[in-house]
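Could you look at this predicted model? Sequence included:
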Amino acid sequence: MSDTITLNAATRESGKALQTLRKQGLVPAVLYGHGAEPKNLSLEHLAFSRAYKAAGENTIIALSVGTGKPVNVLIKDIQLHPMTSKFVHADFFEVSMNEAIEADIPLEFIGETPAVREHGGVLVRALEAVGVSALPADLPHTLPVDLSSLKTFDDVIKIKDIVIPAKVTVKDDLETVIALVEEPRSEAELEELNEKVEADVTKVESVEKKEAAEEAPAEAKK
């Protein structure tokens, strides 16, 4: 396991205005799980941002609340401000290191794709994460996907083709396709696609004109 990621938090009163906390550079949060009563917390925005960047939602964080003993948690959910993309809320889930949990592990696409480089194909990433089960300490941060095996347009990469750590159990269907390469569209196909789009636009305009014509007499009768 890599170096432990640590984070400090403080308890907060449930009635305190969340906007006030955010203006003070704090992130409101909730800690729950493993039979414990939910706790309302607040964390420094910069410290939480660094922890989230390092841990994501599938790596254990040692969370210290006040002067209490650190507990092992996963970041279960986050909320971002729609304009600034700053963190405005976070959920922490306390885990037992002796009990397996389920998590979605992000896929890390690595290597060059021969079918793209040599044949001008289009890489299609059909999956972004794989559901697994493992003890918290054994959860991988990412699962590497080597794209170098995609040499032709007939090649595909499935979940069963990637390396899964020995102590990790995949919950998803092993036959699920992760990535493939599609042939580039020919000029004739692109032209046909453009004609279809233009035809669809014409149909929409025709319907709109027809509806307007039907509504006009009704308006005149009023």
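Cool, the structure landed.

May I have the host helix or strand of V27 as PDB, with CA atoms only?
Counting by DSSP states H and E, the element that carries V27 is strand 26-33. Taking Å, rounded to 0.1, in the frame of the first residue of the first chain, the C-alpha atoms of strand 26-33 are listed here in PDB:
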ATOM      1  CA  LEU A  26     -14.000  25.600   4.500                       C
ATOM      2  CA  VAL A  27     -15.800  22.600   3.000                       C
ATOM      3  CA  PRO A  28     -18.900  21.300   4.800                       C
ATOM      4  CA  ALA A  29     -18.800  17.500   5.100                       C
ATOM      5  CA  VAL A  30     -20.600  14.500   6.600                       C
ATOM      6  CA  LEU A  31     -19.000  11.400   8.100                       C
ATOM      7  CA  TYR A  32     -21.100   8.300   8.300                       C
ATOM      8  CA  GLY A  33     -20.900   4.500   8.000                       C
END
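
just how off-centre is it within its chain?
Taking CA atoms, centre = their mean, to the nearest Å, one finds the center of strand 26-33 at 20 Å from the center of the full chain.

Tell me what angle the helix or strand following it forms with strand 26-33.
Scanning forward in sequence from strand 26-33 by DSSP H and E, the next helix or strand is strand 36-44. Angle, strand 36-44 to strand 26-33, by axes from the mean of the first three to the mean of the last three CA atoms, to 10 degrees: 160 degrees.

State the next helix or strand along the chain beyond strand 36-44.
By DSSP H and E, the next helix or strand past strand 36-44 is helix 45-55.

Name the strands paired with the helix or strand following that next one and say parallel or antiparallel.
Next helix or strand after helix 45-55 toward the C-terminus (DSSP H and E): strand 61-65. Here strand 61-65 has these sheet partners by DSSP bridges: strand 5-11 (parallel), strand 71-80 (antiparallel).

I61 - how many residues pack around it?
By the other CB atoms under 10 Å criterion, the neighbourhood of I61 contains 21 residues. Using the backbone N, CA and C atoms, a C-beta is placed for each residue, glycine as well.

confidence score at the closest residue to it other than its chain neighbours?
Nearest residue to I61 in three dimensions, chain neighbours excluded: I5, at 4.9 Å (CB to CB, 6 or more residues apart in numbering). We have a pLDDT of 93 for I5.

Please verify my assumption that I5 contacts L63.
No. Between I5 and L63 there is no contact under CB atoms under 8 Å: 9.5 Å.

just to revisit the earlier point, got the buried residues for the strand holding V27?
By neighbour count on 16 or more other CB atoms under 10 Å, the buried set for strand 26-33 is 26-31, 33.
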